[in-house]
Every structure is written in structure tokens, then in C-alpha cells.
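# okay, predicted coordinates and the sequence, questions at the end:
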Amino acid sequence: MKLFLDTANVKQVAEVAAWGVLDGVTTNPSLVMKEGKDFKETVLEMCKHVPSVSAQVTATDFEGMRKQGEEYASWNKNVVVKVPMTTEGLKTLKHFKSKGIRTNTTLVFSPAQAILAAKAGATIISPFIGRLDDIGEDGMNLIAEIMEIWRNYNFETEVLVASTRHPRHIVDAARLGAHICTVPYDVFAKLPKHSLTDIGLKKFMDDWAKVQGK
Ligand code: G3P
């Protein structure tokens, strides 16, 4: 499974990329707003670290999304154009597919939306599981349904589990065979940690100090 960082913070990307486990980054307008930095500069900095950086269009009509997306794609070959899951978005996905521009369909909340985005030629679809959990639904069940459907057909579209909230989301997504998980920094930082690792390492170090002192 590929792991992406869900952020618009370049320092976070550099840090996790240095661990050797980062395959990409997803950004969105809310994350960019939070950081308050120039969007193009942010995307281009991130492209130095990973081969896939999703940059979201902010137009909502086909012509506007086409124009914005083509501009983003011209910035760097690592840019993936993020397009919302609407009928205008579907037209835009089809267009970018024909131009060889990679896309990520955002705001996917149902298996039917997932099927349409795949048929329109999305490179990636992003079902948002945490936001479904937030309204009392089972977000991970959406991933299970999509992966079941994907096994029946030969869709090339990768399933990216978005809106993850805790480490168990990443493990469950991997067990279901999802292709990618995008993870916020605070959740990513929890993934390498285990209290028994800390306790075990401390004991090894303490015992080694005793060997040295002998
Ligand atoms: O990148 C989009 C998605 O991961 C957003 O997550 O936490 O705002 O629901 P969240």
C-alpha cells in the first residue's frame, strides 16, 4: 500500500519523506488556507520530495477546471490534478485522461460515485471515510464495498482512503487491499511508535551501559 501525507506543510513532507516511506501528498483548499503559504510554491516544493502531489482545482465548471488543471499539470510532472466528484468533474476527468494528465477525484462518498469516476478515467479516487464516521456511518464499509467492486472488474483507478483519523484506519484500509492511504501528519507520527518498542529499547540501552561499565 502506498502512503501519502495529507497536508500543505512542506516541512512535514520533507520530514516524513526522509523516513523513506512516503509515496505522495494530498492537499486541498482547506489545508492550503491553514498554512497561509503560496499555493504554487508549496506544490513545487513538495514535488521535490514525492512523485505524486494532488493539487485541487477551485473552479467548479468544466472549462474552469480544465484551464486550472492544465496549468497545474504544466508546473511539474509530479502534479496530480484533484477534481471534485460532480458531473462537471466527470467531464473534466475524461478530458484529462485523453491528455495523459493524472487525476484524483475528491469528495467520493458512495460506491456509485466511485464507479462513475473510474469509468470517466480517474487515476485515483478519494473516498472520505472519517467524514462518513462523523455522521454516524461506517466509512470503512465504503472502502470494503469499493474494493469488492474493483475485484469484479479491471478498473485501473487506484483507491485512496482519505479523511483518515487514527492508525487503525490505515491498518484496516491495508487489510481491505486499498491502494493508497492519505494520512494527516499527527496520525502519521503515531505510526512508527509502540510503547513496548520504547520500553524494549530503553532496556537494551540500560543493559549495554552496564556491559560498558563492567
Ligand atoms: O484530503 C482530503 C481529506 O483527507 C480530508 O480529510 O479530515 O478534512 O475529513 P478531513
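Everything's here; your move. Numbering: from 1, shown residues only.
# next one: the lengthiest helix in the chain to chain centre, how far?
Of all segments of type helix in the chain, defined using DSSP state H, the longest is helix 195-213. Mean-position distance between helix 195-213 and its chain equals 37 Å (C-alpha atoms, centre = their mean, to the nearest Å).
# same question for stretch 44-64.
Centre-to-centre, stretch 44-64 and its host chain are 12 Å apart (C-alpha atoms, centre = their mean).
# can it be found next to the ligand?
No. Judged by C-beta under 6 Å from any ligand atom, stretch 44-64 stays clear of the ligand, getting no closer than 7.6 Å. Every residue, glycine included, has its C-beta placed from N, CA and C.
# got the CA positions of that stretch in CSV?
Taking Å, rounded to 0.1, in the frame of the first residue of the first chain, the C-alpha atoms of stretch 44-64 are listed here in CSV:
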residue,chain,number,x,y,z
LEU,A,44,6.5,22.8,-6.4
GLU,A,45,8.5,22.3,-3.1
MET,A,46,6.5,19.1,-2.4
CYS,A,47,7.2,17.8,-5.9
LYS,A,48,10.9,17.7,-5.0
HIS,A,49,10.2,15.1,-2.3
VAL,A,50,7.5,12.8,-3.8
PRO,A,51,6.3,11.6,-7.3
SER,A,52,2.6,12.4,-6.6
VAL,A,53,1.2,15.7,-5.3
SER,A,54,-2.5,16.2,-5.6
ALA,A,55,-3.4,19.9,-6.3
GLN,A,56,-7.1,20.7,-6.2
VAL,A,57,-8.9,22.9,-8.8
THR,A,58,-11.1,25.5,-7.3
ALA,A,59,-13.3,26.2,-10.3
THR,A,60,-16.5,24.0,-10.4
ASP,A,61,-17.4,24.2,-14.2
PHE,A,62,-15.7,22.0,-16.8
GLU,A,63,-14.0,24.9,-18.6
GLY,A,64,-12.6,26.4,-15.4
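# in that stretch, which residues are buried?
For stretch 44-64, burial by neighbour count (16 or more other C-beta atoms under 10 Å) applies to 44-47, 49-50, 52-57, 59, 62.
# let me see the mean pLDDT of the longest helix of the chain.
Here helix 195-213 scores 96 as its mean pLDDT.
# what lies in contact with that helix?
Residues external to helix 195-213 that are found in contact with it (C-beta atoms under 8 Å, 6 or more residues apart in numbering): none.
# doesn't Ile125 belong to a helix?
No. Per DSSP: H, G, I helix; E, B strand; the rest coil, Ile125 lies outside any helix segment and is strand.
# all further residue positions should be reported with the first residue as 7.
Understood, numbering begins at 7; the last thing we discussed is Ile131.
# would you agree it is in contact with Ser116?
No. Look at Ile131 against Ser116 with C-beta atoms under 8 Å: they stay out of range, at 11.0 Å.
# look at the two and report which has more neighbours.
Taking other C-beta atoms under 10 Å, Ile131 and Ser116 do not tie; Ile131 has more neighbours (28 against 14).
# contacting residues around that one?
Contacts of Ile131 by C-beta under 8 Å, 6+ apart are Asn110, Thr111, Val114, Gln119, Ala120, Ala123, Ala124, Ile152, Thr163, Glu164, Val165, Leu166.
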